[in-house]
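*Asks:* got a sequence here, can you build the structure:
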Amino acid sequence: MSSIRNQLLDTFEQFADDDALLIKKLQALIAQQGKEVYTYIFQILTNLDLPPAEAEQHWNQIISHSKNLSAAMGREVNLRTAVCDYFCSINKSLHNPKIIEIHLFEKTAKSSTFDTLTGLLNRNAFDEMLAREISRAKRHDSNLTLLFLDLDDFKRINDTLGHMAGDEVLRKVAQMILLEKRAEDYGARYGGEEITILLPQTSKADGWLLGERIRQRLEEAEIHYEGQNIRATLSGGLASFPIDASDGLTLLKNADKAMYRAKSFGKNNISFYSMNKRRNVRVDYTTSVEIQELGIHAKPVFTASTKSLSIGGILLESQDHMEAGTKIQINMPLSQEQNLLLIGNVVRSEKTDSGSHEISVAFIDCSRIVKNEISTYLIKHLTDIPDHSAKITQPSF
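*Replies:* Reported below is the predicted structural model:
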């Protein structure tokens, strides 16, 4: 987590000349943030990547070793000296260490880790982080979701307004990502206009929420460059470990495939990777709606109950049968103050065991405003549900 690492760097700098207070502050941070702090301590001091349990053992042995060294020398031995002697002479994980000031090392590491244009991780750093987080997810049997984003028609922006304008769009998108993602998430400029976001301990449903927030934020933004107002959109794909992939490379490939699926659906949307190639996230949604068939032989207005909702369509339950291909208007409440009038085609109508009919409707002629209204509802609805994944299904239309 970058926040923990930053706290540790500040602590090492502030208490560089007072080991007793430094150790006390480090122990307080461990008590507050958990044993993962041990891992970050050794990443900073030695560049070794140790699991928390192993790092804790080494830390306790180093504290004891430091006391023994001080007693043998007849003076206080610096903690960093004890760390170096421990890993060189006792544990022997370090064979030929180099001494360097932490702030100088961090400055060099930052220049080789981050993309200078966007401030996001560069591709090499992201690949290393992906391998690390896959290993962590396997150890802890946890979810890991990858969001692969690509700016729509980015070449057109570069060709018509110039590459400097394209750079400004990339910077703005990166700022949006840094504002929306959590501290423990990793955003990277993977190549050109491609951006990846790695989400530890995150389901695909929660990954979709983040992707959709970023997509909406960009769609609604006006990016200004040299008197020009630039409008941009992005498409994204989601894949999760372990349900979509068992290793990092496959996870990346599948998220990339899902992104291209989003492009094929008309761009400016977020798509899941799944073997059945269905399109949109769908959530449980129960309310009463008014249905009006459209056409010269239309029935009178009747009511139906909703079962689930996606950006692309709705699943209804009705006592009335509707033929596939029937064009209908749906008067649907999204809140106490707001109704939406939606036009759709019936794509499936099946009689259930209870005698009612389950009807799948695909929306047609949906404006950007209407899609955003539905999307905003889905985001709010999912955010209010403690177990997001329990409410996510794939649509049958």
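
*Asks:* tell me where the model's unsure across the stretch 101-250 of the chain.
*Replies:* For the stretch 101-250 of the chain, applying pLDDT under 70 flags the ranges 106-112.

*Asks:* 50 instead?
*Replies:* Applying pLDDT under 50 to the stretch 101-250 of the chain flags no residue at all.

*Asks:* that one: helices as residue ranges?
*Replies:* 102-113, 123-140, 154-161, 163-180, 204-220, 248-264 (DSSP state H, counting those that start in this stretch).

*Asks:* and those helices, which is most packed in?
*Replies:* Among the helices of the stretch 101-250 of the chain, ranked by average contacts under mean count of other C-beta atoms under 10 Å, first place goes to helix 204-220 (a mean of 21). In this view, the C-beta of every residue, glycine as well, is placed from N, C-alpha and C.

*Asks:* alpha carbons only: can I get that helix in CSV?
*Replies:* Output in CSV follows, covering the C-alpha atoms of helix 204-220 (Å, rounded to 0.1, in the frame of the first residue of the first chain):
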residue,chain,number,x,y,z
LYS,A,204,-15.2,-8.0,-10.6
ALA,A,205,-18.4,-6.2,-9.4
ASP,A,206,-16.3,-3.7,-7.4
GLY,A,207,-13.9,-3.4,-10.3
TRP,A,208,-16.8,-2.5,-12.6
LEU,A,209,-17.9,0.2,-10.1
LEU,A,210,-14.4,1.8,-10.3
GLY,A,211,-14.3,1.5,-14.1
GLU,A,212,-17.8,2.9,-14.5
ARG,A,213,-17.0,5.9,-12.3
ILE,A,214,-13.9,6.7,-14.3
ARG,A,215,-15.8,6.2,-17.6
GLN,A,216,-18.5,8.6,-16.5
ARG,A,217,-16.1,11.2,-15.1
LEU,A,218,-14.2,11.3,-18.5
GLU,A,219,-17.4,11.4,-20.6
GLU,A,220,-18.7,14.3,-18.6
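
*Asks:* next, the angle helix 163-180 makes with it.
*Replies:* 140 degrees (axes from the mean of the first three to the mean of the last three C-alpha atoms, to 10 degrees).

*Asks:* just checking, what packs against helix 204-220?
*Replies:* Judged by 3 or more C-beta pairs under 8 Å, 6 or more residues apart in numbering; DSSP states H and E, helix 204-220 is in contact with strand 144-151, helix 163-180, strand 194-200, strand 234-241, strand 270-272, helix 368-383, strand 392-393.

*Asks:* partner residues bridging Y225?
*Replies:* Q228 (DSSP bridges).

*Asks:* I'd assumed H163 was in contact with it.
*Replies:* No - taking contacts as C-beta atoms under 8 Å, Y225 lies outside contact range of H163: 11.2 Å.

*Asks:* strands of the stretch 251-397 of the chain, start to end?
*Replies:* 270-272, 282-284, 288-293, 302-310, 313-318, 327-333, 339-351, 357-364, 392-393 (DSSP state E, counting those that start in this stretch).

*Asks:* out of those strands, which one sits most buried?
*Replies:* Burial of those is given as mean neighbour count (mean count of other C-beta under 10 Å); strand 270-272 ranks first at a mean of 27.

*Asks:* hmm, back to that, out of the helices and strands packed on helix 204-220, nearest to A137?
*Replies:* Smallest distance to A137 across these (C-beta to C-beta): 4.2 Å, for strand 144-151.

*Asks:* could you measure A262 against S305, distance?
*Replies:* 31 Å (C-beta to C-beta, to the nearest Å).

*Asks:* thought F87 was touching T81?
*Replies:* No - F87 is beyond contact range of T81, at 11.4 Å (criterion: C-beta under 8 Å).

*Asks:* of the two, which one has the most company?
*Replies:* More neighbours surround F87 than the other of F87 and T81, with 20 against 15 (other C-beta atoms under 10 Å).

*Asks:* now the more buried one: closest residue in space that isn't a chain neighbour?
*Replies:* Spatially, and ignoring its direct neighbours in sequence, F87 is nearest to L94 (4.2 Å; C-beta to C-beta, 6 or more residues apart in numbering).

*Asks:* now that neighbour, what's its secondary structure?
*Replies:* Under DSSP: H, G, I helix; E, B strand; the rest coil, L94 falls in the coil class.

*Asks:* list the contacts for it?
*Replies:* By C-beta atoms under 8 Å, 6 or more residues apart in numbering, the residues touching L94 are T46, L48, C84, F87, C88.

*Asks:* nearest to W208, of these?
*Replies:* Distance to W208 across the contacts of L94 (C-beta to C-beta) is lowest for L48, with 35.9 Å.

*Asks:* what's the helix or strand for the spatially closest residue to that closest one that is not a sequence neighbour?
*Replies:* Spatial nearest neighbour of L48, excluding adjacent residues (C-beta to C-beta, 6+ apart): F42 at 5.0 Å. Assigned by DSSP states H and E, F42 belongs to helix 36-46.
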